[in-house]
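A.B. asks: Please find the sequence and the predicted model below.
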Amino acid sequence: MNINTSDKHSLYDYSLWFKIARYTEVLTSDAIVMAKKWHKFQQELDYNDPRPPYYLYILHILRALDNYAESLTERARGCNN
């Protein structure tokens, strides 16, 4: 899904992407990348939505359960990158 990041309506597009991802076979790594983009985008707009950090937290835990050491490291640093 292409997301236009030129306006605030894109925040809805990110939310929609995650809703769709729940019912498809999206890789955890792709979801982490999308959550990071969403988080960065909302910070640029000075908008504070709790969902991107929440999704990052959960996705890193899921990857850690799959034995991905880098997720443990990122989670320890905090998911705000």
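C.D. replies: Nice, thanks for sending it over.

A.B. asks: On the three-state scheme, residue 48 is what?
C.D. replies: Classification of residue 48 by DSSP: H, G, I helix; E, B strand; the rest coil places it in coil.

A.B. asks: Quick check: it vs residue 29, distance?
C.D. replies: 26 Å (CB to CB, to the nearest Å). To be clear about C-beta, it is placed using only N, CA and C from the backbone, and glycine gets the same treatment.

A.B. asks: Please identify which of these two sits among more neighbours.
C.D. replies: Shown here are residue 48 and residue 29; by other CB atoms under 10 Å, residue 29 has more neighbours (13 against 9).

A.B. asks: Spatially, which residue comes closest to the more buried one, not counting chain neighbours?
C.D. replies: Using CB to CB, 6 or more residues apart in numbering and skipping residues adjacent in sequence, the residue nearest residue 29 is residue 63, 7.4 Å away.

A.B. asks: thought the one you found was touching residue 31?
C.D. replies: No: taking contacts as CB atoms under 8 Å, residue 63 lies outside contact range of residue 31: 9.5 Å.

A.B. asks: Please pick out the residue of this protein most distant from its centre.
C.D. replies: The outermost residue of the chain, judged against the average C-alpha position, is residue 67 (19.3 Å), by CA atoms, centre = their mean.

A.B. asks: With residue 60 as the reference, measure out to it.
C.D. replies: Applying CB to CB to residue 67 and residue 60 gives a distance of 13 Å.

A.B. asks: Could you do residue 15 as well?
C.D. replies: 19 Å.

A.B. asks: Compare those two and say which one has the larger neighbour count.
C.D. replies: More crowded of residue 15 and residue 60, by other CB under 10 Å: residue 60, with 22 against 15.

A.B. asks: other SSEs contacting the one helix or strand residue 62 maps to?
C.D. replies: Using DSSP states H and E, the element containing residue 62 is helix 51-65. Helix 51-65 is packed against helix 10-21, helix 28-44, helix 69-77, with contacts defined by 3 or more CB pairs under 8 Å, 6 or more residues apart in numbering; DSSP states H and E.
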